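Engineer: quick one, structure for this:
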Amino acid sequence: ILDAVKGCSGICPICGELLISRKGKLREWHWWHKGGRKCDGWYEPKGEWHRWWQNHFVKDWQEVVLRKQYDGEVIKHIADIHTSDRWTIEFQYSHLSLSDISAREQFYGDMFWVINGTRLVGDSLNGERWKRKEVRKSEHGFDYFCLRGCDEEVNDCWRDSNKLVFFDFDGTFDEPRGGADLFCLLPGEVCGSRLVVRLSQDEFVANVRNQNVKDFVDRLLS
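Structural biologist: This is a model prediction of the structure:
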């Protein structure tokens, strides 16, 4: 999907209807369905934080339309990033319900999340606590720590995710900052605790770019 610029029009890859470029008081140039129609209910306007993350990856991986067939009907959704080895990354700023998270995880299959951890005060406080945690080394060289009071330290909507959830506690919606760490909450429990892997943003991007995302995920989980 190409970026919207002034004076352009196009065809929506989801519904085939006309799109026009538009700019509002708060939003930069974006694609808009004539009449305000929204054909992909999962699609969200892209802020600076969102675009900053997407632009770490090649254009061919950005805004990729994925199709799946359910009961004879073809369902389409736009993935934030879909790699050449068919892994999806969703960058999430706004709140999602448990049912929305489950639906997206089921649709995308091989996927993981990157969450803006600065949206809620409680999330930001967790970030400050996590940054002070004493870490150990995994067999693959990743820094990790355990969460025993997980109910108090993980936002309800992400606690039961079946996928890797990377929290970005250093990016803001308007002024994203690079060079910081990500905190990856692993699914499931180990001896009653949750494990969190701490790695740099650069390390995350490099592992995704090397086009062997499954190996990266397996090393995080092992």
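
Engineer: so where's the chain uncertain?
Structural biologist: Applying pLDDT under 70 to the chain flags residues 1-7, 9-41, 45, 121, 149-152, 171-179.

Engineer: 80 instead, please
Structural biologist: Residue ranges of the chain with pLDDT under 80: 1-47, 120-123, 148-156, 171-179, 191.

Engineer: and the strands in it, which stretches?
Structural biologist: Assigned by DSSP state E, the strands in the chain fall at 9-11, 18-22, 30-33, 62-70, 73-82, 88-92, 111-116, 136-137, 143-147, 165-168, 181-185, 194-200.

Engineer: the helices in the chain, which residues?
Structural biologist: 48-54, 98-108, 121-131, 150-153, 156-159, 201-209, 213-221 (DSSP state H).

Engineer: which other helices and strands does the second one contact?
Structural biologist: Okay, so that is helix 98-108. Packing partners of helix 98-108 (3 or more C-beta pairs under 8 Å, 6 or more residues apart in numbering; DSSP states H and E): strand 62-70, strand 73-82, strand 88-92, helix 156-159. Using the backbone N, CA and C atoms, a C-beta is placed for each residue, glycine as well.

Engineer: mind putting the ones you listed into CSV with mean neighbour count and distance to residue 199?
Structural biologist: Listed next are the helices and strands packed on helix 98-108 as CSV, based on neighbours: other C-beta atoms under 10 Å; distance: least, C-beta to C-beta, whole Å:
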stretch, mean neighbour count, distance to residue 199
strand 62-70, 14, 22
strand 73-82, 17, 17
strand 88-92, 22, 15
helix 156-159, 14, 18
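
Engineer: in a markdown table, list the ones you listed along with distance to residue 110.
Structural biologist: Output for the helices and strands packed on helix 98-108, formatted as a markdown table (distance: least, C-beta to C-beta, whole Å):
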| stretch | distance to residue 110 |
| --- | --- |
| strand 62-70 | 11 |
| strand 73-82 | 10 |
| strand 88-92 | 7 |
| helix 156-159 | 18 |
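
Engineer: residue 207 is nearest to which of those?
Structural biologist: Distance to residue 207, taken as C-beta to C-beta, is lowest for strand 88-92 among these, at 11.6 Å.

Engineer: for the closest one, which outside residues touch it?
Structural biologist: 49-50, 53-54, 66, 79-83, 104, 108-116, 208 (C-beta atoms under 8 Å, 6 or more residues apart in numbering).

Engineer: buried among these? Need that as a selection in PyMOL.
Structural biologist: For the buried members of the contacts of strand 88-92, the matching PyMOL selection, counting by 16 or more other C-beta atoms under 10 Å, is:
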select buried, resi 49+50+53+54+79+80+81+82+83+104+108+111+112+113+114+115+116+208
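
Engineer: to residue 188, which of the helices and strands packed on helix 98-108 lies closest?
Structural biologist: Residue 188 sits nearest to helix 156-159 of all these, at 11.2 Å, using C-beta to C-beta.
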